[in-house]
Structures are given as C-alpha cells and as structure tokens.
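**Q** here is a sequence with its predicted model. Questions after.
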Amino acid sequence: MSIHKLDPHLKTQVSAAAEEGGVPVIVQHKGAFFFPQAVGETQHFELINATAMTVPPESLQTLAENDDVEYVWADLPVHTCLDVSVPRIAAPAVWAEGFDGYGVKLAIVDTGIDPNHADFSGRIIARKKFIGSSEDDENGHGTHVAGIAAGTGAASNGKYRGAASGAQLYIAKVLDKNGGGSMSGVMAGIEWAVGQGAQVINLSLGGSGPCDGSDALSTMCDATSPVFRLAGQHQMAA
C-alpha cells in the first residue's frame, strides 16, 4: 500500500487545490526524480534529497505509488508570529564573562532585514531573497528578530541590545511583506545558510503542521547546523 507515504495533512490541501491550481507538496525520493504531472517550478533540497512541487490532486496516488518516492509531505504555509516575547535569560551575566557571540555566524531565516539599521552596522555579511523582489525587510519581523538575537542596541542607546551582539549576520528572506511563505521556501533559506557556513540558524515562525518532528522542515533541521525554532508561537501548550 502506498497510503503510508502520504502526509495526513494533504487532505486539507486537496480541498483547497481547486482554487490554488494544484496541491503543493515536498517529495522525498531516491536518486534523481522527475514527475511529469508536476505543475510549474520545482525546488530541490540536496540535504534530504527532496523536491518541492505542485501536483494535481488526482495525481497524488500515482506519485505515492512511484517506487522512487519515499514520502510525500504537504508543503504547508508558514507565517510570522509577533505576539510572543523572548523568555528572560541571564544574558548580562554571560556578557560579563566575555561572551557576546563575537565571530559566530548567525543566520536569520525570516522576512529579511533593514540593512540601514544602526544595530547591525558592519555585521550583515550576506543576504539572499527566496521570495519577493527585494532582499530588504518589507514586514519588520525579520529586523525585529535579528535585533533580539544580535542587535547592538545602538539605535536605543543600548536599551534594546540583543543576546549575541557580536555575531555575524546571514539573512535569508523567506517570508513576504505580509509575513507569509511556504515550508519549501524556509527549507531553501536553511540550505543557503548551511552553504554559507552558518553555525546557528534561527526560525521565528510557525505554521499549521505537526509538532512531532515528522514534517519536511524538521527533517531538514535534523540534518543541519543547530536550528532554533521558537515554541509557543502557535499553540498555547507548545
């Protein structure tokens, strides 16, 4: 039976497929893979040998029955979460010991960053967009998150200094001006960050998928640098 290869969340995606023009999926497969029924562009992820694609709902069973297909995840929507504060940490005590993140390559996978913000002066090493037409932050969330993680506090006379103000910043823009994107887009940002040598990758976003580590994004996170995904942004019991 091939039903075990299909993500249970695909049922929800199929119901919306008529309006969206197909079902967005992430397919983990053996070797190189081509599915002729795929619609539009595809995105391959070397770290877990998977491909993001859109397929007609009636083709899902055929896709799952392919011997080269190992699993088919729903490419679920993700979005920013603005209503949760960072937990209190004893950062000043750590700074007093001489640890401020200096030299650490930190990737922020989010809505981009304001490159002219005083808190990041001279520390934005690389940027890349995976959505939209500009690398700049058109939403504000990514800049906010980067400030929490690594802002120097220069714009606030030190009041809003981030936890690792000495870190080098690598910015992957995977969410648009409305804070929306896709799981495959986030995965593309992570893969780029890994290629840049990022030692820590931050994801301050959430979605409607499972929280048990079985989704495609979690599989990629398990294969990369330490990835921090904040809990409690979508569910009260997280």
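**A** Alright, I've got the coordinates.
**Q** who's in contact with residue 44?
**A** Neighbouring residues of residue 44 by C-beta atoms under 8 Å, 6 or more residues apart in numbering: 50, 51, 52. Bear in mind the C-beta positions are built from the backbone N, C-alpha and C, glycine included.
**Q** now residue 22. Its backbone dihedrals?
**A** Main-chain torsions, residue 22, degrees, to the nearest 10: phi 150, psi 170.
**Q** equivalent analysis for the one 4 residues further on, please.
**A** Reported as degrees, to the nearest 10, the phi and psi values for residue 26 are phi -120, psi 120.
**Q** distance check, it against residue 186.
**A** As for residue 26, its distance to residue 186 is 11 Å (criterion: C-beta to C-beta, to the nearest Å).
**Q** okay, now residue 64: neighbour count?
**A** 18 (other C-beta atoms under 10 Å).
**Q** count of neighbours near the nearest residue to it once chain neighbours are set aside?
**A** Spatial nearest neighbour of residue 64, chain neighbours left out: residue 2 (3.9 Å); criterion: C-beta to C-beta, 6 or more residues apart in numbering. Look at residue 2: counted by other C-beta under 10 Å, it has 15 neighbours.
**Q** ditto for residue 77
**A** When neighbours are counted by other C-beta under 10 Å, residue 77 registers 15.
**Q** separation between it and residue 132?
**A** 16 Å.
**Q** now do the contacts for the most centrally placed residue in the chain.
**A** The C-alpha lying nearest the average C-alpha coordinate of the chain belongs to residue 186 (C-alpha atoms, centre = their mean; 3.0 Å). Contacts here follow C-beta under 8 Å, 6+ apart; on that basis residue 186 touches 78, 109, 174, 203, 205, 217.
**Q** same list, these, but as a markdown table with neighbour count and pLDDT please.
**A** A markdown table is the format used below for the contacts of residue 186 (neighbours: other C-beta atoms under 10 Å; pLDDT from 0 to 100):
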| residue | neighbour count | pLDDT |
| --- | --- | --- |
| 78 | 24 | 86 |
| 109 | 30 | 96 |
| 174 | 28 | 98 |
| 203 | 23 | 92 |
| 205 | 27 | 88 |
| 217 | 25 | 86 |
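**Q** of those residues, closest to residue 60?
**A** Checking the contacts of residue 186 against residue 60 by C-beta to C-beta gives residue 217 as the nearest, at 20.0 Å.
**Q** what about the closest one, which SS state?
**A** helix (DSSP: H, G, I helix; E, B strand; the rest coil).
**Q** could you do residue 148 as well?
**A** For residue 148, the assignment made with three-state DSSP gives helix.
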